[in-house]
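Participant: With the input below, show me the fold.
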Amino acid sequence: MKPMNDYMVVYSVILLVYRNIVAAIDKMFLIWQIAFPVVYIFVAGYAYSALIGGQGITIGSLSVTYVAFLTAGMIGFNVMNGSTIAGAIIWNDKRNGMFQQILVMPFNKVQYVIANLITLILIGLASAAVIMIIGLPTIFQDINITLWSMPYTIYALGAGSIFFGSFTIILSTKMKSSEGYNVISNGLFLFFAFVSSAFYPAEGLPQPLSTLFYVNPLTYIVDITRAGIFSQVDDFTNIQVLILGSLSATVFLIATRAMIKMEA
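Facilitator: Have a look, this model is predicted:
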């Protein structure tokens, strides 16, 4: 009977993922999720490149242009930018009474959390692929993805989606209003975004700021993403992989526990 039960669990999660993609996600948000990074790459990337001049950014043993550095960083940044989907799904379901209806059907809260995170991972990977294709002119001279390095980028996007998706789920269960949720999440995401290596490298910064960079999970996401895209995987990259995996697993467990305790 156990294989049949496992099958039903997987089937239930797939149904919830399908429902999320088809009915629970604002399609305009998906367009914005791709448009924002692309605009930032082609506007801010080339504008800042003009200020920097011909100076390259060092990634491992490779020196890349700033716009290539930024493009790879924005692919990782997109994971955090899109993670609000997980929290938004919960808020919309609670407001519309859908959350209670889902729990009446053969679904439980753990399946609900897993489905939301899988939805986020799929959207994150798809939007990252689109951003990569659109931004290809900015990185084609430096890109060097191999069969060995590609899993690192995929891992960073997947683990990053789990971390930030779980993070927004925790916020959505603790906040009493959608306005409070939006204020707190947007404020924290500003910190995550600009105190990370998404827009500039950590090397050469004052020590306190550099330390904050490596307290920030987004730094690990974008660093591993870049290591995969430019084939600059080293021992430190593997350490970052372990740290990101541990953080994602921990926050996922906290999010699951918070969801189980949340009243329908």
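Participant: where exactly do the strands run in this structure?
Facilitator: In the chain, the strands defined using DSSP state E lie at 57-59, 62-64.
Participant: would TSV of these with mean neighbour count and distance to Ile254 be doable?
Facilitator: Every residue, glycine included, has its C-beta placed from N, CA and C. As requested, the strands of the chain are exported to TSV (neighbours: other CB atoms under 10 Å; distance: least, CB to CB, whole Å):
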stretch	mean neighbour count	distance to Ile254
strand 57-59	17	33
strand 62-64	17	36
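Participant: nearest to Ala47, of those?
Facilitator: strand 57-59 (15.5 Å; CB to CB).
Participant: What pairs with the closest one, parallel or antiparallel?
Facilitator: Next to strand 57-59 in the sheet, as set by DSSP bridges, lie strand 62-64 (antiparallel).
Participant: Okay, buried residues for stretch 92-108 please.
Facilitator: By neighbour count with 16 or more other CB atoms under 10 Å, stretch 92-108 contains the buried residues Asp93, Lys94, Met98, Phe99, Ile102, Phe107.
Participant: Please report how far the fourth one lies from Ile41.
Facilitator: Spelled out, that is Phe99. Between Phe99 and Ile41 the distance is 37 Å, computed by CB to CB, to the nearest Å.
Participant: for the first one, same thing?
Facilitator: Asp93 sits 33 Å away from Ile41, going by CB to CB.
Participant: For Thr119, give me its contacts.
Facilitator: Contacts for Thr119 (CB atoms under 8 Å, 6 or more residues apart in numbering) come out as Val17, Asn20, Ile21, Ile25, Ile85, Ala86, Ile89.
Participant: Cross-reference these with the helices and report the matches.
Facilitator: Members of the contacts of Thr119 lying in helices (criterion: DSSP state H): Val17, Ile85, Ala86, Ile89.
Participant: Switch the residues you listed over to TSV; also include neighbour count and distance to Ile52.
Facilitator: Shown next, in TSV, are the ones in helices among the contacts of Thr119 (neighbours: other CB atoms under 10 Å; distance: CB to CB, whole Å):
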residue	neighbour count	distance to Ile52
Val17	19	42
Ile85	25	34
Ala86	27	36
Ile89	27	40
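Participant: Just put those residues in CSV and tack on pLDDT.
Facilitator: Listed next are the ones in helices among the contacts of Thr119 as CSV, based on pLDDT from 0 to 100:
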residue, pLDDT
Val17, 91
Ile85, 82
Ala86, 82
Ile89, 84
